[in-house]
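Enquirer: Okay, here's the prediction I keep looking at, along with the sequence it came from:
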Amino acid sequence: MRIDRVLYKYIERELYNYPGNVRELELERESILDSMSSSLGDGQPRGNKTSNPTLSKVERLMSESTIIVSMDRRVRALERTLQRLSPAHRDFFKMVYCECRRDKLNICDELFISGSTYDNYKHQLIALYGYELGILDVLA
């Protein structure tokens, strides 16, 4: 199956963003938990306005939950994709997308694969991840 060029580039960009998405997801979760524990305070009034700590926590969770849900969906989809693929595909993913290596020939030498196998691994990874995200209807 041929994947549209725009979709292919979008899915590939998501693969390159995976390490950043994992870090950002953890930071968002920690910031929400920290804000909830630190906003308890000492019970003394601050300023002249009426505070509602429960409402402020709920508002923060509601506004940031869409970001967290979206990132979590992408991270989980890639984890499912990597579980379904072979260890060679996982090594390929780490070298190309996590380490952001662009040297195709050196990667092929290190993984003991040919250039066409490199291209096949890349296409299979992008197709399966696109399927897991729900962007592609049928596996390529």
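Expert: Great, that's in hand.
Enquirer: My read is that His89 contacts His123, right?
Expert: No - His89 lies out of contact with His123 (Cβ atoms under 8 Å); the separation is 11.1 Å. (Glycine included, C-beta is placed from N, CA and C.)
Enquirer: Can you give the distance of stretch 83-102 from its chain's centre?
Expert: 14 Å (Cα atoms, centre = their mean, to the nearest Å).
Enquirer: Give the rounded mean pLDDT of that stretch.
Expert: For stretch 83-102, the mean pLDDT works out to 94.
Enquirer: Tell me the buried residues in the longest helix anywhere in the chain?
Expert: Within the chain, and with DSSP state H defining each element, the longest helix by residue count is helix 5-38. Of the residues in helix 5-38, Tyr8, Ile11, Glu12, Glu14, Leu15, Tyr18, Asn21, Val22, Leu25, Glu28, Ile32 count as buried by neighbour count, 16 or more other Cβ atoms under 10 Å.
Enquirer: Looking at His89 and His123, which has the bigger crowd around it?
Expert: His89 (18 against 15; other Cβ atoms under 10 Å).
Enquirer: do you know how far that one is from Asp34?
Expert: Here the criterion is Cβ to Cβ, to the nearest Å. By it, His89 lies 37 Å from Asp34.
Enquirer: same check, this time on Glu59
Expert: In terms of Cβ to Cβ, Glu59 sits 16 Å off from Asp34.
Enquirer: Out of the buried residues of helix 5-38, flag the one nearest to Thr54.
Expert: Here the nearest of the buried residues of helix 5-38 to Thr54, counting by Cβ to Cβ, is Ile32; it sits at 14.4 Å.
Enquirer: Report the separation between the closest one and Ser63.
Expert: 10 Å.
Enquirer: Check whether Ile107 really touches Lys94, as I assumed.
Expert: No - distance between Ile107 and Lys94: 10.4 Å, which falls outside the contact criterion (Cβ under 8 Å).
Enquirer: Between the two, which has more neighbouring residues?
Expert: Using other Cβ under 10 Å as the criterion, Ile107 and Lys94 rank with Ile107 on top: 19 against 13.
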